[in-house]
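quick one: sequence and predicted model below, then my questions.
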Amino acid sequence: MRRMLIGLVLVGMTMAAEWTPLWETEAPGAPKPAEGTEKVGDRAAYTDIGQPQYFLHSAEGKATGQGVVIFPGGGYTVAMMDHEGHEFGQWLAGRGITAMVVKYRVSGRDELGYHFPVPYLDARRAIRTMRAHAEEWGIDPGKIGVMGFSAGGHLASLCATKFDEAFDQETKDKIDQLSCRPDFAVLVYPVISMGDITHQGSRRRLAGPDPSKELLEALSTERQVSEKAPPCFLLTTSDDMVDCRNSLRFAEACKAHGVPVALHMFEQGGHGYGLHGNGNLAVWPELLEAWLKARR
C-alpha cells in the first residue's frame with residue numbers, strides 16, 4: 001500500500017510539473033510525431049514520446065556538487081517514470097545530489113523511427129545539458145554521472161562506452177559542443193549484450209527488425225568498454241529475467257581495461273524493483289549511497 005501511495009504522489013507531481021525540452025528546436029534523428037501521439041499508462045509509463053525532455057530534482061540541504069542523469073527502463077518501448085525515474089530523483093535530491101530524469105524517445109512502433117541512435121542522441125544531450133547548466137544548478141561539471149535501469153541501463157552503458165563517437169544528426173549548438181562522457185555510471189539490472197544473452201524486446205526496439213551483425217556488435221556494450229570508461233556500479237540478481245550475465249560480462253570488461261567497478265549480485269530479487277528490493281536485496285540503496293559518497 002505504501003509503495004502504491006508513493007507512486008500516486010509521484011505521478012501527480014510529474015503530471016502537474018513542467019518538463020523542459022532537451023532541444024529548443026526539433027530534436028534530431030527522427031521527425032517529430034503528430035501532436036497527441038505520446039501516451040502515459042499505468043505507473044507513469046510513457047511511450048511514443050513526442051519530444052525528448054527532462055525533469056529536474058534539485059539537491060536538497062547541503063549539496064555534494066554531484067549530478068545524476070537518470071534513464072528509466074522499459075525495453076526501449078516505454079519509460080517507467082515513477083519507480084525508475086522520479087522516485088530515484090527524489091532519493092538522490094534528498095542526499096544532496098541534483099538529478100535529472102530524462103524522457104528519451106521510445107516507442108513500440110517502427111514507423112516513428114526511434115531505433116538507434118535516437119535514444120542515445122537524447123541521452124548524450126541530457127548529459128551535455130546538465131554540464132551546460134552546472135554553475136546555475138550548483139553542480140561540479142566533473143562530477144556528472146548517469147543512472148539507468150534495465151533498457152535504461154543499456155542506454156547508460158552506451159553513454160559510458162561510446163562517448164567519443166560523433167553523429168551527423170547532432171546539432172552544432174553550444175551545448176552539443178560539450179563533452180557527453182559521464183564521470184560515473186550506475187547500471188541497475190541492466191541490459192548490456194545484444195548477443196546470446198540479450199533481452200530480445202530491447203534489442204528489437206533499439207536495433208530494429210533486421211539488424212546487421214556489425215550493429216549488434218556495436219550495441220553490445222561489454223565489447224565497447226575501454227580504459228577511458230568511467231567508474232561503474234552494477235546491480236543484478238541471479239533470478240533476473242534480464243540474464244545476470246549481462247552485468248557480469250560488463251564488469252569483466254571493466255576489470256580487463258582497468259576501469260574501477262563495483263558489482264553487487266544477489267541471489268533473489270527478480271527485475272524492476274527499483275528502490276524496493278525484498279529480503280537481502282533491501283540493502284542495495286545503502287550500497288549505492290556509500291559508493292556515490294566515494295565519488296565526491
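Yep, that arrived. Predicted model, so just to flag it, every value in this text is computed and none were measured.

measure the most centrally placed residue in the chain to Leu56 for me?
Computing the C-alpha centroid of the chain and ranking residues by Cα atoms, centre = their mean puts Phe71 first, at 2.6 Å. Per Cβ to Cβ, to the nearest Å, Phe71 is found 15 Å from Leu56. Backbone N, C-alpha and C define where each C-beta goes, glycine included.

swap in Ile197?
35 Å.

and what of Ser238?
For Ser238, the distance to Leu56 - Cβ to Cβ - is 36 Å.

the two: who's more crowded?
Neighbour totals were compared for Ser238 and Leu56, and Leu56 leads with 18 against 12 (other Cβ atoms under 10 Å).

name the SS class of the residue lying closest to that one once chain neighbours are set aside, please.
In space, and not counting its chain neighbours, Leu56 is closest to Met100: 5.5 Å by Cβ to Cβ, 6 or more residues apart in numbering. Of the three states, Met100 takes strand under DSSP: H, G, I helix; E, B strand; the rest coil.

what residue ranges in the stretch 51-200 of the chain score low on pLDDT?
The stretch 51-200 of the chain contains no residues with pLDDT under 70.

cutoff 90 now
171-172 (pLDDT under 90).

can you give me the helices for the stretch 1-150 of the chain?
2-16, 87-93, 118-132, 134-137 (DSSP state H, counting those that start in this stretch).

what's next to the shortest one, contact-wise?
Under the contact criterion Cβ atoms under 8 Å, 6 or more residues apart in numbering, helix 134-137 has outside partners Leu56, Ser58, Gly67, Thr98, Met130, Asp140, Pro141, Ile144.

now a ChimeraX select for only the buried ones of the residues you listed.
Burial among those is assessed by 16 or more other Cβ atoms under 10 Å; the matching ChimeraX selection reads:
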select :56,67,98,130,141,144
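
any idea which of the contacts of helix 134-137 is closest to Gln169?
The shortest gap between Gln169 and any of the contacts of helix 134-137 belongs to Met130, at 20.4 Å (Cβ to Cβ).

contacts only, for that closest one.
Listed by Cβ under 8 Å, 6+ apart, the contact partners of Met130 are Gly67, Val69, Thr98, Met100, Trp137, Ile139, Ile144.

what about stretch 19-36, start to end distance?
Distance across stretch 19-36, first residue to last, is 16 Å (Cα to Cα, to the nearest Å).

next one: it to chain centre, how far?
Remark: stretch 19-36 is offset 19 Å from the chain centroid, using Cα atoms, centre = their mean, to the nearest Å.

what comes up buried for that stretch?
Neighbour-count burial for stretch 19-36 [16+ other Cβ under 10 Å]: Leu22, Trp23, Ala27, Pro28, Gly29, Ala30, Pro33.

ok, stretch 44-62 next?
Buried-residue list, stretch 44-62, by 16+ other Cβ under 10 Å: 44-57, 59.

report the two of the residues you listed separated the most.
Pairwise distances across the buried residues of stretch 44-62 peak at 32.2 Å for Asp48 and Ala59 (criterion: Cβ to Cβ).

which other residues reach stretch 266-276?
3, 73, 80, 83-84, 87-88, 91, 149-150, 189, 236-242, 277-282, 284-285.

follow-up on the earlier one: Ala256: which of the buried residues of stretch 19-36 is nearest?
Closest to Ala256, out of all of the buried residues of stretch 19-36 and judged by Cβ to Cβ, is Gly29, at 32.1 Å.

how much space between that closest one and Phe116?
Gly29 is 9 Å from Phe116, by Cβ to Cβ.

circling back: what strand or helix carries the closest residue to the residue nearest to the centre of the chain other than its chain neighbours?
Nearest residue to Phe71 in three dimensions, chain neighbours excluded: Gly152, at 3.5 Å (Cβ to Cβ, 6+ apart). In the assignment (DSSP states H and E), Gly152 maps to helix 151-161.

just the contacts of stretch 266-276: which are in strands?
Those of those mapping onto strands are Met80, Phe149, Thr236, Thr237, per DSSP state E.

in JSON lines: these, plus distance to His264 and neighbour count.
Formatted as JSON lines, those follow (distance: Cβ to Cβ, whole Å; neighbours: other Cβ atoms under 10 Å):
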{"residue": "Met80", "distance to His264": "21", "neighbour count": "24"}
{"residue": "Phe149", "distance to His264": "14", "neighbour count": "31"}
{"residue": "Thr236", "distance to His264": "8", "neighbour count": "27"}
{"residue": "Thr237", "distance to His264": "9", "neighbour count": "23"}
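
alright, calling it a day.
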